[in-house]
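[1] 3D, please:
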Amino acid sequence: MASIVMIAASYKRPHEVVGYINGDAVSVDFFKVQLMNEAANSFQYFHDKYGAMDSENFWTNSLGKEVPIEYAKQKTMGNIAAIMVQLQLAKENGLLTDTSYEAFIGSLKEENKRRKESIETGKVIYGPIQYSENEYFNYLLSNLIIKLKEKLQETEFLLPEEKLKQMYKKDKGNFKFRNKNVEKISIPMDETDSKMMIEEIQKRVNEGEDFSEVVASYGSSFKMEALLFDNQATRFDYEATGISRAIAMNLDKGQISEVYEEKEAYCLIKIIDSTKAEFPSYEDRVDEMKKRHTEQLYEQLVNQRIQEARVELKQEVYDSIKIR
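    The predicted structure follows:
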């Protein structure tokens with residue numbers, strides 16, 4: 001667990017800094033922004049656990065042995081610790097020179113000034129006309145983390161060729177994916193008796209009747225498709241037929257699915273054929289393996305840094321922060 005040290009507020013401007021994480025200041029402004037981001041999650045927690053409803057005194061009333069404002073602030077400090085250790089990692093790796101919120105605000109002002117001037121001179125800009133603090137911070141942080149992972153992948157997390165080939169061999173040995181050729185029928189959910197008809201089709205086919213002939217007997221009410229679900233599917237394929245794909249993966253050749261819903265239609269599939277998929281080549285897999293390795297080590301490193309983080313609170317300032 002991270003160590004938490006309560007320290008007295010002794011600054012002339014007591015609301016400027018609420019605490020420190022590994023010696024780096026956490027400004028009150030930044031804490032408040034993150035507290036507002038956490039507020040909805042904390043409210044949901046108390047609503048689900050205690051049935052609490054929003055009220056004027058919701059944040060300060062005790063529920064069980066918990067007080068919502070204290071719970072939310074503890075969660076917020078945990079979230080900030082996770083952010084700060086990643087900013088500190090970026091600084092250690094030469095991707096950031098200043099982790100302070102003041103430096104971020106200066107960058108935000110410069111970016112919004114640039115956007116304003118671009119619009120006034122007729123230049124094209126992408127994204128919002130002006131960034132809010134929260135929008136710009138999330139934008140910068142997400143891009144910084146991408147660059148940090150890329151840097152670590154080529155340095156601290158670098159995998160030798162021999163290790164990559166071992167990973168490839170293990171992945172290939174564990175590969176069980178099977179391509180599925182399927183026939184799919186669907187009918188809009190708002191069509192009269194749609195569910196009753198598709199359940200009748202399922203029953204008749206399960207009793208031995210031919211799938212295509214049974215569907216044809218219902219006229220043009222149903223859409224029938226021949227589909228291939230393989231291991232080359234893209235994100236767009238999953239968006240279009242993700243539920244059907246997931247169901248097909250659990251069926252063998254000749255089997256019929258239960259009736260299910262997808263894209264506002266009742267659906268049914270039959271597996272026409274099932275064949276073992278070809279495992280991608282080493283060259284096609286190497287970038288994905290590097291990325292997977294980096295993601296695993298990055299998560300471990302960040303979690304370790306969070307556990308080891310030294311969190312110092314200016315108690316008087318911390319206690320004075322309210323949600324409303």
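[2] how much space between the closest residue in space to Arg305 that isn't next to it in sequence and Asn79?
    Closest residue to Arg305 apart from its sequence neighbours, by CB to CB, 6 or more residues apart in numbering: Val85 at 3.9 Å. Yep, even glycine has a C-beta here, placed from its N, CA and C like the rest. According to CB to CB, to the nearest Å, Val85 and Asn79 sit 11 Å apart.
[3] same thing with Val259?
    43 Å.
[4] and what of Arg292?
    26 Å.
[5] do the same with Ser257
    For Ser257, the distance to Asn79 - CB to CB - is 42 Å.
[6] any chance you could map the strands in the stretch 101-250 of the chain?
    Using DSSP state E, counting those that start in this stretch, the strands of the stretch 101-250 of the chain run over residues 178-188, 223-229.
[7] Report the angle between the shortest one and strand 178-188.
    In this case it means strand 223-229. Relative orientation of strand 223-229 and strand 178-188, computed by axes from the mean of the first three to the mean of the last three CA atoms, to 10 degrees: 160 degrees.
[8] Centre of the chain to strand 223-229, how far?
    Strand 223-229 sits 30 Å away from the centroid of its parent chain (CA atoms, centre = their mean, to the nearest Å).
[9] Pairing partners for it, with directions?
    With DSSP bridges as the test, strand 223-229 is paired with strand 178-188 (antiparallel).
[10] Centre-most residue in this structure?
    Among the residues of the chain, the one closest to the centroid is Ser142, at 11.8 Å (CA atoms, centre = their mean).
[11] What confidence value was assigned to that residue?
    The model reports Ser142 with a pLDDT of 96.
[12] can you check the one 10 residues further on too?
    Per-residue confidence for Leu152 comes out at a pLDDT of 98.
[13] distance of it from Val286?
    17 Å.
[14] What of Tyr50?
    Distance of Tyr50 to Val286, computed by CB to CB: 51 Å.
[15] Would you work out how far apart the start and end of stretch 224-238 are?
    Using CA to CA, to the nearest Å, the gap from the first to the last residue of stretch 224-238 comes to 19 Å.
[16] Work out the gap between that stretch and the centre of the chain.
    Computed by CA atoms, centre = their mean, the chain-centroid distance of stretch 224-238 equals 23 Å.
[17] Identify the residues contacting the residue of the chain most remote from its centre.
    Distance from the centre of the chain peaks at Ser217, with 45.3 Å (CA atoms, centre = their mean). Under the criterion of CB atoms under 8 Å, 6 or more residues apart in numbering, the contact list for Ser217 is empty.
[18] again, but for the one 4 residues further on
    Contact analysis of Ser221 by CB under 8 Å, 6+ apart lists 187, 191, 194, 197.
[19] so which helix or strand takes in Ala25?
    strand 24-27 (DSSP states H and E).
[20] Quick check: what element follows that strand along the chain?
    helix 28-50.
[21] Report the buried residues of that following helix.
    Neighbour counts over helix 28-50 (16 or more other CB atoms under 10 Å) mark 28-35, 38-39, 42-43, 45-46 as buried.
[22] Need the contact partners of that helix.
    Helix 28-50 is touched from outside by 15-18, 52-54, 58, 63-64, 66, 68, 71-73, 75-77, 79-80, 83, 101, 104-105, 133-134, 137, 317, 321, 323, with contacts defined as CB under 8 Å, 6+ apart.
[23] List the ones among these that fall in helices.
    If you go by DSSP state H, these have 68, 71-73, 75-77, 79-80, 83, 101, 104-105, 133-134, 137, 317 in helices.
[24] Now the buried members of those residues.
    68, 71-73, 75-77, 80, 83, 101, 104-105, 137, 317.
[25] want to throw the residues you listed into TSV with distance to Asp230?
    Listed next are those as TSV, based on distance: CB to CB, whole Å:
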residue	distance to Asp230
Pro68	50
Tyr71	47
Ala72	47
Lys73	50
Lys75	43
Thr76	45
Met77	47
Ile80	44
Ile83	40
Tyr101	49
Phe104	46
Ile105	50
Phe137	41
Val317	58
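[26] doesn't Ile272 fall inside a strand?
    Yes - applying DSSP: H, G, I helix; E, B strand; the rest coil, one finds Ile272 inside a strand.
[27] Phi and psi next, for Glu156.
    Here the main-chain torsion angles of Glu156 (degrees, to the nearest 10) amount to phi -60, psi -30.
[28] Look at it and report its pLDDT.
    So, for Glu156, pLDDT stands at 96.
[29] re the thing from before, report how many residues lie close to the residue nearest to Arg305.
    Neighbour count for Val85, taken as other CB atoms under 10 Å: 23.
[30] ok, now which ones touch it?
    By CB under 8 Å, 6+ apart, the contact list for Val85 reads 21-22, 302, 305-306, 309.
[31] how near is it to Met197?
    58 Å.
[32] one step back: of the contacts of Ser221, buried ones?
    The neighbour count (16+ other CB under 10 Å) marks 187, 194, 197 as buried among the contacts of Ser221.
[33] The first one: what's its closest spatial neighbour, skipping adjacent residues?
    The shortest distance from Ile187 to any non-neighbouring residue, by CB to CB, 6+ apart, is to Ser194 (4.5 Å).
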